[in-house]
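Chemist: Sharing a model prediction with you, sequence too.
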Amino acid sequence: MTKLSVNINKFATLRNSRGGNNPDVVKAAIDAERFGAQGITVHPRPDERHIRYQDVLDLKPVISTEFNIEGYPDERYLDIIEKIRPTQATLVPDSPDVLTSNAGWDTIKHRDFLKDIIRQLRSYEVRVSLFVDPVEELIKGAADAGADRIELYTEPYADRFQQEPEEAIRSYVTASSFGHELGLGINAGHDLNLDNLRYFKEKIPFLDEVSIGHALVCDALYYGFENTIQLYLNQLR
């Protein structure tokens, strides 16, 4: 079964908007696992506009499934990974000022940089995933750089899904098969939701994990957190 990793950034965004510790992101992570999530994802950005450095430290001892820490591999991020030793480090090419991840790595242009970073992270016994667009040459670049997995950037799929599902999924089917042939694990994330997730799962072979945050938290406002996680898990079964 494809694993569901719940991104809890939005719980931290809500907390930070008011101050204090409501909602409690540590409790959100514990509850997500209790409700069936097979992983927890966080993205501690330098401005700490949602998940904070201290949150990551607080989460480490309570997570019993897989801990996935996303981020741009600057000195601060590398320090976090060395201290926490999560299950997975997902590297994204975001500059500090972007609102959300909106493109994958150019793994050809940045191959030497990524190769050095990946070697360092793997020395901590951390699995490394690279955020990439569904383009074969970029996936080959991820393999050449030494990544264990790729995370397919799925916003283009989500944008096109309602009008042209077969065309929306086409490049992702090819990309996932190609990545698998190269020995890469296949993750996916960005704008996956209850409308488009089942189709994605059915069409994409070898899908190891999806990371979902914004849509899942929005759905939880209507359906409840526990029920929402079950709804997402049902899409992946």
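Modeler: Here it is on my side, so go on. Not measured: the values here are computed from a predicted model.
Chemist: Pretty sure I40 sits against A32.
Modeler: Yes. Counting by C-beta atoms under 8 Å, I40 does reach A32; the two are 6.3 Å apart. (C-beta placed from N, C-alpha, C; glycine too.)
Chemist: which residues do these two both contact?
Modeler: The contact sets of I40 and A32 overlap at V6, I8 (C-beta atoms under 8 Å, 6 or more residues apart in numbering).
Chemist: in the protein, what spans have low per-residue confidence?
Modeler: Low-confidence segments of the chain (pLDDT under 70): 95-102.
Chemist: any idea which residue sits dead centre in it?
Modeler: A centroid search over the chain (C-alpha atoms, centre = their mean) returns S211, at 4.2 Å, as the residue closest to the centre.
Chemist: what about the residue nearest to P73 when sequence neighbours are not counted, neighbour count?
Modeler: Closest residue to P73 apart from its sequence neighbours, by C-beta to C-beta, 6 or more residues apart in numbering: I117 at 4.6 Å. Look at I117: counted by other C-beta atoms under 10 Å, it has 22 neighbours.
Chemist: The one 5 residues further on too?
Modeler: Here the number of neighbours of R122 (other C-beta under 10 Å) works out to 15.
Chemist: Once you drop chain neighbours, what's closest to it?
Modeler: The shortest distance from R122 to any non-neighbouring residue, by C-beta to C-beta, 6+ apart, is to V128 (6.1 Å).
Chemist: Quick check: the residue nearest to P73 touching L78?
Modeler: Yes. I117 lies in contact with L78 (C-beta under 8 Å); the separation is 7.4 Å.
Chemist: quick one, what contacts A143?
Modeler: Applying C-beta under 8 Å, 6+ apart, we find A143 in contact with G179, L182, G183, L184.
Chemist: quick one: which of the residues you listed has the most company?
Modeler: Highest neighbour count within the contacts of A143, by other C-beta under 10 Å: G179, with 25 neighbours.
Chemist: before we move on, back to that, checking the residue nearest to R122 next. Helix, strand or coil?
Modeler: Here V128 takes the strand state, with states given by DSSP: H, G, I helix; E, B strand; the rest coil.
Chemist: Next, count neighbours for it.
Modeler: A count of neighbours around V128, defined by other C-beta under 10 Å, yields 24.
Chemist: Could you give the bridge partners of it?
Modeler: According to DSSP bridges, the partner residues bridging V128 are A89.
Chemist: Roughly how far does it sit from L182?
Modeler: Taking C-beta to C-beta, to the nearest Å as the measure, V128 falls 14 Å from L182.
Chemist: just to revisit the earlier point, quickly list what the residue nearest to the centre of the chain is bridged to.
Modeler: Going by DSSP bridges, S211 is paired in beta bridges with S5, G189.
Chemist: Good, we can wrap up now.
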